[in-house]
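K.L.:
sharing a model prediction with you, sequence too.
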Amino acid sequence: MDPHEPQRLSKIMAAKGLCSRREADFLIEKGWVRVDGQVVNELGVKVLPTAKIDLDARAKNTLSKQVTLLYHKPIGVVSGQPEGRYKAAMECIGADNQYDKKTSPAFQPAMLKGLAPAGRLDIDSTGLLVLTQDGRIAKQLIDANSTVEKEYLVRVEGELRDRGLELLRHGLSLDGEPLKPARVSWQNEDQLRFVLVEGKKRQIRRMCEMVGLKVVGLKRVRIGKVMLGDLPPGQWRLLMPEEHF
């Protein structure tokens, strides 16, 4: 971002990690944003990226109340919009399947407002899926420049071709673009461990096909510093205040 080129205030706020662009527009309309000491309450205003941006206490309070949920997605549930007879993860969040109801705030319908998946997990994959109201967390996890690791346990069949493990770690391309380096190792005779910092569509399955393997089971067990742990399939819990990706 050119420091001498004015940009939309909402874009700068998102780039600074203050909130998402949508959240920025909401806060600006409320009059809860100050630029170099002056309240800005009109959408579309452009300012220099070097401007000092402050949030009103009411803005900070609103952002702090946003919830982030961790869901153990089972096979047959889609991450985003419902597809035919398959339910979306959002439709699976409720009071009945809250894992931490004895130790965390109880489920409230307001938790679903503005909730969206921060990343995706294929319909035939299981494991940790993040659903959040917080645009800052969504940006941290799914931005093109994100460096947050995602760890998977992958059961495979087939015969690994020569230099296959080396290629899985670095050297393959998808959709005409080289993949970023990955950490890949055998866990046992039919299970691989993948640690990626990107998430192209069906990436691991396609990578494995390129080296002679077929994925028969895929489970995401970690995102950043947050583990799936003992969260049962089909249940969810709140991200705890001390947890960070």
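P.N.:
Good, I have the coordinates. These figures come from a predicted structure and were not determined experimentally. Numbering: from 1, shown residues only.
K.L.:
look up how far Pro74 lies from the residue nearest the centre of the chain.
P.N.:
Taking Cα atoms, centre = their mean, the centroid of the chain lies closest to Ala118, which sits 3.0 Å from it. Going from Ala118 to Pro74 by Cβ to Cβ, to the nearest Å gives 19 Å. C-betas here are computed from N, CA, C, even on glycine.
K.L.:
go on, Arg220?
P.N.:
Arg220 is 12 Å from Pro74, where distance means Cβ to Cβ.
K.L.:
which residues touch the helix or strand bottoming out on mean pLDDT in the chain?
P.N.:
Counting by mean pLDDT, DSSP states H and E, the chain has its least confident helix or strand at helix 57-64, which shows a mean of 80. Residues outside helix 57-64 that contact it (Cβ atoms under 8 Å, 6 or more residues apart in numbering) are Cys19, Glu23, Leu27, Lys30, Trp32, Val33, Leu55, Asp134, Arg136.
K.L.:
can you tell me the closest non-neighbouring residue to the first one?
P.N.:
In this case it means Cys19. Excluding the flanking residues, the one nearest Cys19 by Cβ to Cβ, 6 or more residues apart in numbering is Gly135, at 5.3 Å.
K.L.:
bridged to Trp186, which residues?
P.N.:
Listed by DSSP bridges, the beta-bridge partners for Trp186 are Leu192.
K.L.:
just checking, it touches Leu192?
P.N.:
Yes: judged on Cβ atoms under 8 Å, Trp186 makes contact with Leu192 at a distance of 6.0 Å.
K.L.:
out of these two, which sits in the busier spot?
P.N.:
Leu192 (22 against 12; other Cβ atoms under 10 Å).
K.L.:
Val154 is in contact with that one, correct?
P.N.:
Yes: counting by Cβ under 8 Å, Leu192 touches Val154, with 4.7 Å between them.
K.L.:
need the residues touching each of these two.
P.N.:
Contacts common to Leu192 and Val154, judged by Cβ under 8 Å, 6+ apart, are Cys208.
K.L.:
circling back: local confidence estimate at the residue nearest to Cys19?
P.N.:
Here, the pLDDT recorded for Gly135 equals 87.
K.L.:
quick one, what contacts it?
P.N.:
Counting by Cβ under 8 Å, 6+ apart, Gly135 has contacts Ala14, Cys19, Ser20, Arg21, Arg22, Glu23.
K.L.:
who's more crowded, Arg220 and Pro74?
P.N.:
Ranked by neighbour count (other Cβ under 10 Å), Arg220 and Pro74 place Arg220 first, with 25 against 15.
K.L.:
the helix or strand hosting that one pairs with which strands, parallel or anti?
P.N.:
Element membership for Arg220, per DSSP states H and E: strand 213-223. Strand 213-223 has the following strand partners under DSSP bridges: strand 126-132 (parallel), strand 150-158 (antiparallel), strand 226-227 (antiparallel).
K.L.:
ok, which of those comes nearest Pro233?
P.N.:
Among the strands paired with strand 213-223, strand 126-132 comes nearest to Pro233, with 6.5 Å by Cβ to Cβ.
K.L.:
what does that closest one contact?
P.N.:
66-75, 79, 89-90, 93, 115-121, 137-138, 141, 152, 218-223, 226-228, 231, 233, 236, 239, 245.
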